[in-house]
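J.: A structural model of the following input is requested.
(chains A and B)
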Amino acid sequence: MGLPTAPLVTIAFKDLAKTNAANRGMPGERICFLPHPMTNKTDAEMYAVLEGNDPVTGKPLMPEIIDALTKPLTAEEKKSGTVTPDIGPATYVDTPDNLQRIFLDNNMTDFMPIILPTEEKVEAMLKGTSHKPDEVIGTLSAARGAQPSWSFTVRHVAINAVMAGAQPEYLPTILAIASTGQPALFSSTSSFSRMLLLNGPISDKIKMNYGIGAMGPFAEPNAVIGRAWTILSKNLGGCGMPGLSYMGSLGTNFNYNNICIAETENKLPDGWNPFHVQKGFKPTDSVVSIFSGWSLNNVAWFPNMPYHELINNWLTHFFSFGTGAATLLLDPTVAREAKGKGFDSKEALSDYWSKNSKTPAWLYWDTHQPLLKQAQAGVEPYASYLKMGDADIPFQRYYRRGRFGAPPNPNAQPDANPKSSIEIIVLGGETNTYWAGGDFSHVTSVSIDKWV
Amino acid sequence: MKINRRKILSLLGISPAVLAASSPAIGEPKHSPKNPSIKDIKLEVVNPKGLPPPIQLIPMAPRLPSLDGKTIYLVSDGFAGADRFLNQIAIWFQKNMPSVKTVYRLKAGSYFDDDPKLMAEMKANGNAMIMAYGH
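T.: Numbers count the residues shown, from 1 in each chain, chains lettered A, B, ... in the order given. You can find the predicted model right below:
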């Protein structure tokens, strides 16, 4: 840009900021650090920060900022040229125990033992696809735009599939997942979780478990394919380095396996389409879908009302980081009950929930602060909402629309019929009328057949 | 419970035939150089890493001789409270270096999006930038 700049960053992001500056070609960027967090400080407290010291260097902050803009550049800071990042040797030779340790110490695993990727095992894995080993699949990044995008080939994916314990027949699914460019480990502070859903003939072909314990550790492909995504995200995208490319404050246990599931297509009520068909694929296509969110409620509750009404109430009161999308995982028994109540398709049920669920008053006002002033000024319908006190507000939050307060999209057209942001997946072993729901939203669905 | 040794070895990725062939003869030490333990056998494994992009070093912009009479853009990346914090910086300059002119702007897009329009404005009208901040 050509303007001297002093970036100010809170201390929690020290390593991230320095690494990012180096990755973008300015290893000497003059970053000045602030205490963390700053968000909740008063104006007076913020001014006091300016009068204090940089918590990293210990130097007075404002003179440091002025120095960043005025102190002449060093020879290092004027450097140009190209630097190739070091990813280590092409091969490692050692005993099995030592190799396990090398892979652990270099953050190349999920910190559980791996299958060591010998050339022989990688060659065997590559027999699971007709694609050439050196075919470049795409790029992967912990946060596209903010973190470097790494490139990778079919062979790279096969190596990581071996490490996760995959069979060659799982490779097309793992390649399809990798081809989306979506990381299992996203760099956000909010500890994203991911979910993988398989549909079509692939589920039976590789023996995915979609019956009893469909979401648990009860079948090899469920366990291994989900695990492979996390391992390959680390090794093919530089993801999952705490403090550098992963900032999730609490983290999430879901990242070990990414909720790798398959839909119980043979138990869907008549008229209910498998998820991939809902997204435009043919029933005979094998497809993997990726979801993104944070959390799941596993609900074991026997209501005195129909399940679709129970879930409607749950949708009204559920909240987490995400408050505008939901995915419901229904046991076939629950799906059949909803069908019996007149919901002839998943879409009909999603639309019912989007139209009939409400928003708790506290959540509505907390996420719509600017409207509070309008409500207080008598502007409708907000004034009426305010008069409702603690009662649920008739604001339907489960529709696809921009986040409230986000900058307007100049290309957006008014949508008279907004689409429901509620997805439905049917799975489980029919041992009881249970279901789970969470804030997951659909990201993408891709063909597995293409990678056979 | 009967243990299927062959199955267990298979799960460990070890061929029972290999083990049978490498069993030490009676009287030989268990882990002699002639009969190394499986734990001591060295394997060659491949590096699982993909290809990070090469890094193009960018020379930093020349610094100003001083800030006297200069225009500094105070740019928020959109995180909560950054606007208030940058306003405190503007107040600090008014109090301590009144010849410095400050201009506040909110960068468009998310924190990792470029804002070419703002960059062009700053290039035309500004002398330096202070950007904030994180959380």
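
J.: show me the contact partners of whatever helix or strand residue A:329 lives in.
T.: Under the criterion DSSP states H and E, the helix or strand holding residue A:329 is strand A:326-330. Here strand A:326-330 makes contact (Cβ atoms under 8 Å, 6 or more residues apart in numbering or on different chains) with A:195, A:215, A:261, A:291, A:293, A:296, A:311, A:315, A:318, A:338, A:353, A:398, A:421-428, A:435-442. Heads up, the C-betas are built off the backbone N, CA and C, glycines and all.

J.: those also near chain B: which ones?
T.: For chain B, no contacts are drawn from the contacts of strand A:326-330 by Cβ under 8 Å from any Cβ of the partner chain.

J.: could you export stretch A:114-130 as CSV, CA atoms only?
T.: Only the C-alpha atoms of stretch A:114-130 are listed here, as CSV (Å, rounded to 0.1, in the frame of the first residue of the first chain):
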residue,chain,number,x,y,z
ILE,A,114,-1.5,-43.5,13.7
ILE,A,115,-0.9,-46.1,11.1
LEU,A,116,2.6,-45.2,9.9
PRO,A,117,2.5,-44.2,6.2
THR,A,118,5.0,-46.4,4.6
GLU,A,119,5.3,-46.3,0.8
GLU,A,120,3.8,-49.7,0.6
LYS,A,121,0.7,-48.7,2.5
VAL,A,122,0.3,-45.4,0.5
GLU,A,123,0.5,-47.4,-2.8
ALA,A,124,-2.2,-49.8,-1.5
MET,A,125,-4.4,-46.8,-0.5
LEU,A,126,-4.0,-45.2,-3.9
LYS,A,127,-5.7,-48.3,-5.4
GLY,A,128,-8.9,-46.9,-4.0
THR,A,129,-9.1,-44.3,-6.7
SER,A,130,-8.6,-44.1,-10.5
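
J.: what comes up buried for it?
T.: Neighbour-count burial for stretch A:114-130, counted by 16 or more other Cβ atoms under 10 Å in any protein chain shown, picks out A:114, A:115, A:116, A:117, A:118, A:121, A:122, A:125, A:126, A:128, A:129.

J.: what mean pLDDT does it get?
T.: The average pLDDT within stretch A:114-130 is 98.

J.: what helix or strand does the nearest residue to residue A:217 once chain neighbours are set aside sit in?
T.: Spatially, and ignoring its direct neighbours in sequence, residue A:217 is nearest to residue A:223 (5.6 Å; Cβ to Cβ, 6 or more residues apart in numbering or on different chains). Using DSSP H and E, residue A:223 maps to helix A:220-237.

J.: and the chain, what are its domains?
T.: Because you didn't say which chain, this covers chain A. Per automatic domain parsing, the structural domains of chain A span A:8-78, A:96-282.

J.: wait, I meant chain B there
T.: Split by automatic domain parsing, chain B gives B:5-38, B:71-132.

J.: mean pLDDT for those: which is lowest?
T.: Minimum mean pLDDT among the domains of chain B: domain B:5-38, a mean of 51.

J.: what residues does stretch A:145-153 touch?
T.: Against stretch A:145-153 from outside (Cβ under 8 Å, 6+ apart): A:20, A:23, A:133-141, A:178, A:187, A:232, A:236-239, A:245, B:50-53, B:111-113.

J.: kindly recompute the last result at 7 Å.
T.: Applying Cβ atoms under 7 Å, 6 or more residues apart in numbering or on different chains, the contact partners of stretch A:145-153 are A:23, A:133-137, A:139-141, A:187, A:236-238, A:245, B:50-53, B:112-113.

J.: sort out which of those are buried, if you could.
T.: Among the contacts of stretch A:145-153, those classed as buried by neighbour count (16+ other Cβ under 10 Å) are A:23, A:133, A:137, A:139-141, A:187, A:236-238, A:245, B:50-52.

J.: between the domains of chain A, which one is nearest to residue B:65?
T.: domain A:8-78 (6.8 Å; Cβ to Cβ).

J.: measure that closest one end to end?
T.: End-to-end distance of domain A:8-78 (Cα to Cα, to the nearest Å): 21 Å.

J.: and that domain with chain B, contact?
T.: Yes: Domain A:8-78 lies within reach of chain B by Cβ under 7 Å from any Cβ of the partner chain, at A:8-10, A:12-13, A:23, A:25-26, A:28, A:34, A:36-39, A:43, A:46-47, A:50, A:62, A:65-66, A:69-73, A:77-78.

J.: residue boundaries of the strands in the chain?
T.: Answering for chain A, as no chain was given. A:5-10, A:32-34, A:81-83, A:91-94, A:136-140, A:150-153, A:193-199, A:260-262, A:287-293, A:296-299, A:326-330, A:422-426, A:435-438, A:441-447 (DSSP state E).

J.: sorry, should have said chain B
T.: B:43-46, B:55-57, B:71-76, B:101-106, B:128-132.

J.: for the third one, which helices and strands make contact with it?
T.: In this structure, strand B:71-76 makes packing contacts with helix B:82-96, strand B:101-106, strand B:128-132, judged by 3 or more Cβ pairs under 7 Å, 6 or more residues apart in numbering or on different chains; DSSP states H and E.

J.: switch the cut-off to 8 Å
T.: helix B:82-96, strand B:101-106, helix B:116-125, strand B:128-132 (3 or more Cβ pairs under 8 Å, 6 or more residues apart in numbering or on different chains; DSSP states H and E).

J.: returning to that earlier point: can you put the strands of chain A in TSV and add distance to residue A:384?
T.: Listed next are the strands of chain A as TSV, based on distance: least, Cβ to Cβ, whole Å:
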stretch	distance to residue A:384
strand A:5-10	41
strand A:32-34	43
strand A:81-83	61
strand A:91-94	68
strand A:136-140	49
strand A:150-153	53
strand A:193-199	37
strand A:260-262	42
strand A:287-293	32
strand A:296-299	31
strand A:326-330	26
strand A:422-426	26
strand A:435-438	29
strand A:441-447	30
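
J.: residue B:100 is nearest to which of the ones you listed?
T.: strand A:5-10 (12.9 Å).

J.: if I look at residue A:73, how far off is residue B:61?
T.: Distance, residue A:73 to residue B:61, using Cβ to Cβ, to the nearest Å: 9 Å.

J.: also residue A:53?
T.: 26 Å.

J.: next one: residue B:81
T.: Distance from residue B:81 to residue B:61, by Cβ to Cβ: 27 Å.

J.: cool, and residue A:217?
T.: In terms of Cβ to Cβ, residue A:217 sits 54 Å off from residue B:61.

J.: export the strands of chain A to CSV and tack on mean pLDDT?
T.: CSV is the format used below for the strands of chain A (pLDDT from 0 to 100):
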stretch, mean pLDDT
strand A:5-10, 95
strand A:32-34, 95
strand A:81-83, 91
strand A:91-94, 98
strand A:136-140, 96
strand A:150-153, 98
strand A:193-199, 98
strand A:260-262, 98
strand A:287-293, 97
strand A:296-299, 92
strand A:326-330, 97
strand A:422-426, 97
strand A:435-438, 96
strand A:441-447, 97
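
J.: show me the one of those strands that comes nearest residue B:73.
T.: Across the strands of chain A, residue B:73 has its closest neighbour in strand A:5-10 (9.2 Å, Cβ to Cβ).

J.: check what contacts the closest one and list those residues.
T.: With Cβ under 8 Å, 6+ apart as the criterion, strand A:5-10 contacts A:17, A:29-38, A:65, A:68-69, B:61, B:85, B:128-135.
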